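1. Any chance you could fold what I've pasted below:
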Amino acid sequence: MIGLMRVKNEERWISRAIASLQRCCERVVVMDDESTDATVEIAHSLKADVLPSPFTTLDEARDKSWLVAQCYDRGWLRAGERVLMIDGDEELVEGDEARIHDALDRWPCAALRILYLWDDENHVRMDGVYGRFWRPSAWIAEGREFDGFIGLAANGSGFHCSNAPARIANRSMRTEARLLHYGYMHRADRIRKYEWYNSRDPGNQFEDCYRHTVIGDLFPPQSRFVHAGPLEVRPWRPAA
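-> You can find the predicted model right below:
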């Protein structure tokens with residue numbers, strides 16, 4: 001299995017992400033989108049292959065398609081091999097590797113459950129979409145020719161994209177393999193992302209203008225929006 005990531009300025013989390021991939025992947029390849037922090041140095045120190053982005057504009061779908069194509073071109077990936085793609089602020093829960101392989105024994109694509117850590121590393125958000133979100137993230141490569149990734153955001157903003165090529169993602173199986181998502185754990189990060197999303201993708205009614213991301217921060221905890229609310233946070237680890 002090969003592990004893939006497209007990242008930018010993830011020095012806080014990238015070592016966890018890479019280490020979790022290395023538990024089940026023979027090679028980890030990181031596409032770096034012009035990071036200005038220590039992301040690249042950390043990735044190199046952990047023996048990941050780092051490919052600098054050739055692009056100067058934001059387009060996650062284009063970038064991920066390029067990353068997969070580069071792996072084919074370099075002989076790192078061939079038809080029939082298994083791929084696991086995660087974000088630079090995610091960590092595969094230790095022990096869940098077998099769940100991914102079991103799913104790929106039966107299906108061409110596996111969707112992993114995303115656990116959004118909230119306020120600390122022991123609690124996850126559970127209201128609305130946060131408690132029932134699976135993302136296609138592991139798949140069996142079909143060969144050099146594929147239909148690539150598709151961006152999901154409105155207004156041509158270039159972000160929100162699946163972690164499996166579109167045609168393969170449409171044939172995914174939900175698993176109980178879990179990814180811990182650190183990107184919304186801290187209040188300051190949630191507010192920063194809320195403001196950035198609305199600057200890049202203004203008026204996105206499908207996302208309800210991203211208000212669900214800051215319930216309890218900029219909006220009262222009892223708020224109800226399209227995708228989530230009132231705020232519900234629970235421990236994610238089994239009780240001792």
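
2. what's the least confident helix or strand in this protein, going by average pLDDT?
-> Using mean pLDDT, DSSP states H and E, helix 166-169 stands out as the lowest-scoring helix or strand of the chain, at a mean of 88.

3. Pull out the buried positions in it.
-> Applying a neighbour-count criterion of 16 or more other CB atoms under 10 Å, one finds 166, 168, 169 buried in helix 166-169. Every C-beta, even on glycine, is put in place using the N, C-alpha and C of the backbone.

4. how does this structure divide up, domain by domain?
-> Residue ranges of the domains in the chain are recorded as 2-181, 187-235, according to automatic domain parsing.

5. most packed of the ones you listed?
-> Taking mean count of other CB atoms under 10 Å as the contact definition, the stretch among the domains of the chain with the greatest mean neighbour count is domain 2-181, which reaches a mean of 18.

6. Quick check: end-to-end length of it?
-> Taking CA to CA, to the nearest Å, domain 2-181 runs 20 Å from one end to the other.

7. Next one: residue 201 from residue 31, what distance?
-> Applying CB to CB, to the nearest Å, one obtains 22 Å for the distance of residue 201 from residue 31.

8. Show me what stretch 60-70 is in contact with.
-> Where contact means CB atoms under 8 Å, 6 or more residues apart in numbering, the residues beyond stretch 60-70 that reach it are 4, 6, 29, 31, 33, 51, 53-55, 77, 83, 85, 144, 146, 148-151, 158-161, 163, 165.

9. Spell out which helix or strand contains the residue positioned nearest the centre of the chain, please.
-> If you average the C-alpha coordinates of the chain and look for the closest C-alpha using CA atoms, centre = their mean, you land on residue 87, 3.6 Å from that point. Assigned by DSSP states H and E, residue 87 falls within no helix or strand.

10. measure residue 1 to residue 41 for me?
-> Distance, residue 1 to residue 41, by CB to CB: 25 Å.
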